[in-house]
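Undergrad: Show me how the following folds:
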Amino acid sequence: QVQLIESGGGLVQAGGSLSLSCAASGRTFSDYTMAWFRQAPGKEREFVAAINWTGTFTAYADSVKGRFTISRDNARNTLSLQMNSLKPEDTAVYYCAAKTSKSIVGYTTTKNYISWGQGTQVTVSS
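TA: Take a look at the predicted model:
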């Protein structure tokens with residue numbers, strides 16, 4: 001399996017921006033559809049954004065559409081999430097995840113992901 005390590009979280013005021021990165025190692029990064037999920041205290045982990053192995057397909061949760069951008073660099077084994085116009089409700093631990101295969105089928109479902117990072121905290125103050 002691929003190993004994942006997130007970075008880039010922090011504290012930001014509402015309306016600000018943050019960029020998250022996820023470094024992959026182990027297996028071939030381009031073998032996987034990748035995604036970002038987040039989990040707020042007392043809530044279930046929820047889908048944020050996904051990208052297929054070539055980067056030609058991206059998908060977003062309605063709550064972040066138009067504000068967040070997912071991207072990947074297969075040459076550098078890196079997944080990124082650019083977050084703009086942040087809101088207090090974006091506060092959560094953000095996780096990157098590698099799907100079971102290159103297929104995008106079921107990309108919003110946590111059970112379809114086989115590798116997870118340790119998470120990085122994003123806090124948006126009002």
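Undergrad: I'd assumed E46 was in contact with W36.
TA: No - the criterion here is CB atoms under 8 Å, and W36 misses it with E46 at 10.2 Å. Placement of C-beta: from N, CA and C, glycine included.
Undergrad: and those two? which has more neighbours close in?
TA: Using other CB atoms under 10 Å, the more surrounded residue of W36 and E46 is W36, with 26 against 14.
Undergrad: Need the pLDDT of that one.
TA: The model reports W36 with a pLDDT of 98.
Undergrad: Pairing partners for it in the sheet, please.
TA: Here W36 sits in beta bridges with A49, C96, as judged by DSSP bridges.
Undergrad: need the contact list for the nearest residue to F47 once chain neighbours are set aside.
TA: Sequence neighbours aside, T108 is the residue nearest to F47 in space, at 4.2 Å (criterion: CB to CB, 6 or more residues apart in numbering). By CB atoms under 8 Å, 6 or more residues apart in numbering, T108 lies in contact with 47, 50, 59, 61.
Undergrad: for G117, same thing?
TA: By CB under 8 Å, 6+ apart, the residues touching G117 are 4-6, 22, 95-97.
Undergrad: how close does the spatially most central residue of the chain get to A49?
TA: Centroid-nearest residue in the chain: W36, 1.9 Å away (criterion: CA atoms, centre = their mean). Per CB to CB, to the nearest Å, W36 is found 5 Å from A49.
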